[in-house]
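> Build me a model:
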Amino acid sequence: MSLRDQASGFYSIADIFSSFSNRQATLIPGIGEWITLGLRGNGVPVDTLIPKEGGLQWTESMSIIKSSPKKELAKKLIQWTTSLRVKF
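Numbers count the residues shown, from 1 in each chain. The predicted model follows:
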């Protein structure tokens, strides 16, 4: 959050497509190649760059549907999934 003042905004996927398509954005860090491919397919001149130092990106999410009759069970699943320790 300390870098928030340096960002022009926090965007949804639809906002990212719109910002690039309308040329309102020049750079958005942390988007996936699939977004770049979709934009290029629509004629937007964009590319994905990965620094030579590499990078890490996680763009998956888990959600609980508002009308779910099993919200507590869903919450426990999310807590369990995000607490796993991966052994290499």
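> what about the helix or strand of the chain with the lowest mean pLDDT, distance to the chain center?
Across the helices and strands of the chain, mean pLDDT, DSSP states H and E gives its lowest value to helix 13-21, namely a mean of 82. Once both centres are worked out by Cα atoms, centre = their mean, to the nearest Å, helix 13-21 turns out to sit 12 Å from its chain's centre.
> please begin residue numbering at 9 from this point
Done: numbering now begins at 9, and the last item shifts to helix 21-29.
> list the buried ones in that helix?
Of all the residues in helix 21-29, those buried under the rule 16 or more other Cβ atoms under 10 Å are 24-25, 27-28. All C-beta spots, glycine's among them, are computed from the backbone N, C-alpha and C.
> Quick one: residues in contact with that helix.
17, 19, 32-33, 36, 39, 43, 46-47, 50, 52, 54 (Cβ atoms under 8 Å, 6 or more residues apart in numbering).
> Which ones among these lie within helices?
Counting by DSSP state H, these place 43, 46-47 in helices.
> could those be laid out in CSV, adding neighbour count, pLDDT and distance to I72?
Formatted as CSV, the ones in helices among the contacts of helix 21-29 follow (neighbours: other Cβ atoms under 10 Å; pLDDT from 0 to 100; distance: Cβ to Cβ, whole Å):
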residue, neighbour count, pLDDT, distance to I72
I43, 17, 84, 25
G46, 16, 87, 27
L47, 18, 88, 30
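> could I get those residues as a markdown table with distance to K79?
Formatted as a markdown table, the ones in helices among the contacts of helix 21-29 follow (distance: Cβ to Cβ, whole Å):
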| residue | distance to K79 |
| --- | --- |
| I43 | 31 |
| G46 | 33 |
| L47 | 36 |
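> List the residues that contact K78.
The contact partners of K78, by Cβ under 8 Å, 6+ apart, come to none.
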